[in-house]
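[1] Pasting a predicted model and its sequence here:
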Amino acid sequence: MNTSWMKTRQTKYGSYAAVYIIVVVAVLVMANFLANRYSKSYDSTANKRFSLSDQTEKVVRNLKQDVRINYFDKPEGFNRGRDLLGRYESLSPKLKVDYIDLDKRSQLAASLGVRSAGTAIVEVGNKHEEAKMLTEEEVTSALIRGLKTSDKSVCFTTGAGENGVNESDPESAAEFKAGVERSNYKTQVLNLVSKAEIPKECTVVIVGGPRADMLAPSVNALKAYVEGGGRALFMLDPPLKIGKEQIADNEALVAMLAGWGVTLEKDMVLDTSGMGQLFQLGPEAPLATTYETHPIVKEMRQIASVFPLPRSILVKSTDKVNPEKLFDTSEQSFGITNLSSADVRIDEKRDKKGPFALGAAGTYKNGQPNNEGRFVVVGSSRWLTRGLFRSRAVGNHDLALNMLNWLSSDEDLISIRPKDPEDRRISLTGRQINMVLLFSVFLLPLLIVIAGVSVWWRRR
């Protein structure tokens, strides 16, 4: 028997096996190296629960300096932190995350004000900002606070029946004020009746739905403020005269805005397209689904914004302002001009048909390129009431804060923000629970037993 031939064949097969093993090991090592260096994942959940928002991606990818997130927890809780913070780290090489044992580094935790496990501290240079909760909204907010180099203030006017910001009623803009503060702006209330002057610390002034006529000194102060380089958001409701709903014409304020190329019509827009039924709304709350190309709305995609009881807006260029429309209603909308009757009816012969612009933005050219005035006008103030601003099913939240970012020259923050995790629990009635119990505990096991007995009977 030729044993040399057998040895040769065994040697050859052994060599092949060794090469295969080396190749497989090399592939696994390379795959593991690439996976660690270039972390990629795909989120197949319907609500993109495991994906970071546009705002977070924009902020992290555009980092110009090193940022470190210190996550304090017990070792068994580190995986909970990695689920979120690992996604931040994969966006930019300038962001690093340290997972710190709270018990072993208690002195460091105390120096940074950490009081409980599961706390993230964002470190930017010498600044340390705490995320109050381990959520994307809180971590991104802390990151933005750390990156900001100056404080900015938003001033809400009062004195002419504007929407309150410190009240708990449904018409209050308190939720909007809280959202402004979460976006790292300081807020204050500005009474233009007691003193018709805009303080220098006001980065943005918000006039939210005055129900009474603003006095001439107040209007003049706003005009001088914007034309001198200030920033302002004006929200004016239609001048309804129905029962207790008495809203002044505010002719002086309307005339000031018309001088900047934005004319507020004396009408109320109704939308008969039926789109509002998707959000359990009627025709008196038109939806804006068509957005223009202005920086405020360019990120708004496939999401509708709701504007209850709005008035339409016309825009045209003037010598110093070239205003732009922001969004339109549907073609099946009408501008009702009878604002003194509780019986709202569309007169197709008299009332104009849409689409209508409900918002506009403009820049006042005062000859100072680095200090030009900016303003936004919206034909409704009710779109920032508590329920609509809080809801993430519509775009009011992102749209309002994008306006604020543009007005304050924080264009890099204009985006779609983190959304609350969607509650996708299944709600069952008592009868449905009993049916599930009956099927899973009794019927399904019984069917398996019957099938087994049937097979046994045929084979015996």
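    Nice, thanks for sending it over.
[2] which parts of stretch 349-365 are buried?
    351, 354-364 (16 or more other C-beta atoms under 10 Å). Heads up, the C-betas are built off the backbone N, CA and C, glycines and all.
[3] do stretch 392-402 as well
    By neighbour count with 16+ other C-beta under 10 Å, stretch 392-402 contains the buried residues 392, 394-402.
[4] From residue 249, how far out is residue 356?
    19 Å (C-beta to C-beta, to the nearest Å).
[5] ditto for residue 217
    To residue 249, residue 217 is 18 Å away according to C-beta to C-beta.
[6] Kindly report the same for residue 204.
    To residue 249, residue 204 is 26 Å away according to C-beta to C-beta.
[7] What of residue 440?
    Note on residue 440: its distance to residue 249, by C-beta to C-beta, is 66 Å.
[8] So between the two, which is more surrounded?
    Neighbours per residue, other C-beta atoms under 10 Å: of residue 440 and residue 249, the larger number sits with residue 249, 14 against 10.
[9] Just the pLDDT at the more buried one, thanks.
    The per-residue pLDDT reported for residue 249 equals 92.
[10] wait, doesn't it sit right on residue 264?
    No: using C-beta atoms under 8 Å, residue 249 is not in contact with residue 264, being 9.9 Å away.
[11] Tell me where the chain is predicted with low confidence.
    Within the chain, the ranges that satisfy pLDDT under 70 run 1-7, 9-10, 12-13, 34-50, 167-170, 415-433, 460.
[12] Now do the same contact list for residue 326.
    Neighbouring residues of residue 326 by C-beta atoms under 8 Å, 6 or more residues apart in numbering: 291-292, 294, 296-297, 357-361, 376.
[13] Now with 6 Å, please.
    Neighbour list for residue 326: 292, 294, 296-297, 359, 361 [criterion: C-beta atoms under 6 Å, 6 or more residues apart in numbering].
[14] cool, residue 88 as well?
    60, 95.
[15] Would you mind measuring from it to residue 54?
    Separation of residue 88 from residue 54 (C-beta to C-beta): 14 Å.
[16] now do residue 108
    34 Å.
[17] Would you map the helices across the stretch 51-200 of the chain?
    For the stretch 51-200 of the chain, the helices defined by DSSP state H, counting those that start in this stretch cover 54-61, 78-89, 106-111, 136-147, 174-182.
[18] Using PDB, write out every CA atom in the shortest one.
    Below are the C-alpha coordinates for helix 106-111, written out as PDB (Å, rounded to 0.1, in the frame of the first residue of the first chain):
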ATOM      1  CA  SER A 106     -18.100  59.100  44.000                       C
ATOM      2  CA  GLN A 107     -15.800  62.100  44.500                       C
ATOM      3  CA  LEU A 108     -15.800  63.000  40.800                       C
ATOM      4  CA  ALA A 109     -19.600  62.500  40.800                       C
ATOM      5  CA  ALA A 110     -20.000  64.900  43.700                       C
ATOM      6  CA  SER A 111     -17.800  67.500  42.200                       C
END
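[19] Residue 267: how many residues sit nearby?
    Around residue 267 there are 21 other residues, counting by other C-beta under 10 Å.
[20] Identify the residues contacting it.
    Residue 267 touches 311-312, 335-337, counting by C-beta under 6 Å, 6+ apart.
[21] among those, which ones are buried?
    Buried subset of those (neighbour count, 16+ other C-beta under 10 Å): 311-312, 335-336.
[22] Can you verify my assumption that residue 273 contacts residue 334?
    No: in this structure, residue 273 is not within contact of residue 334 by C-beta atoms under 6 Å, at 10.7 Å.
[23] Looking only at neighbour counts, state which of those two leads.
    residue 334 (24 against 16).
[24] Now do that one against residue 279, distance only.
    Distance, residue 334 to residue 279, using C-beta to C-beta: 20 Å.
[25] what do you get for residue 89?
    Note on residue 89: its distance to residue 279, by C-beta to C-beta, is 37 Å.
[26] How about residue 155?
    Using C-beta to C-beta, one obtains 32 Å as the distance from residue 155 to residue 279.
[27] Same question for residue 358.
    With C-beta to C-beta as the criterion, residue 358 and residue 279 are 16 Å apart.
[28] Show me where the stretch 201-350 of the chain has its strands.
    202-208, 231-235, 241-242, 245-246, 262-264, 268-271, 287-288, 290-291, 305-306, 313-315, 324-328, 333-336 (DSSP state E, counting those that start in this stretch).
[29] The last one - contacts with which helices or strands?
    Right, strand 333-336. Counting contacts by 3 or more C-beta pairs under 6 Å, 6 or more residues apart in numbering; DSSP states H and E, strand 333-336 packs against strand 268-271.
[30] Name the strands paired with the strand it packs on and say parallel or antiparallel.
    When sheet partners are counted by DSSP bridges, strand 268-271 sits next to strand 333-336 (antiparallel).
[31] Quick one: neighbours of residue 403, just the number.
    22.
[32] what about residue 65, how many residues close to it?
    Residue neighbour count, defined by other C-beta under 10 Å, stands at 9 for residue 65.
[33] Revised request: answer the last question for residue 24.
    Neighbour count for residue 24, taken as other C-beta under 10 Å: 10.
[34] helix/strand/coil for it?
    Put simply, residue 24 is helix when judged by DSSP: H, G, I helix; E, B strand; the rest coil.
[35] Roughly how far does it sit from residue 229?
    Going from residue 24 to residue 229 by C-beta to C-beta gives 67 Å.
[36] quick one: the helices in the stretch 201-350 of the chain?
    Using DSSP H, counting those that start in this stretch, helices in the stretch 201-350 of the chain cover 216-227, 251-259.
[37] looking at those helices, which is closest to residue 65?
    For the helices of the stretch 201-350 of the chain, the distance to residue 65 is smallest for helix 216-227, at 33.8 Å, taking C-beta to C-beta.
[38] which helices and strands sit right next to that closest one?
    The contact analysis (3+ C-beta pairs under 6 Å, 6+ apart) places helix 216-227 against helix 251-259, strand 373-378.
[39] With distance to residue 33 as extra columns, can I get these in a markdown table?
    Listed next are the helices and strands packed on helix 216-227 as a markdown table, based on distance: least, C-beta to C-beta, whole Å:
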| stretch | distance to residue 33 |
| --- | --- |
| helix 251-259 | 60 |
| strand 373-378 | 49 |
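[40] which one of the ones you listed is the most hemmed in?
    The highest mean neighbour count among the helices and strands packed on helix 216-227, using mean count of other C-beta atoms under 10 Å, belongs to strand 373-378: a mean of 26.
[41] Tell me the strands beside that one, with direction?
    When pairing is defined by DSSP bridges, strand 373-378 lines up against strand 231-235 (parallel), strand 357-364 (antiparallel).
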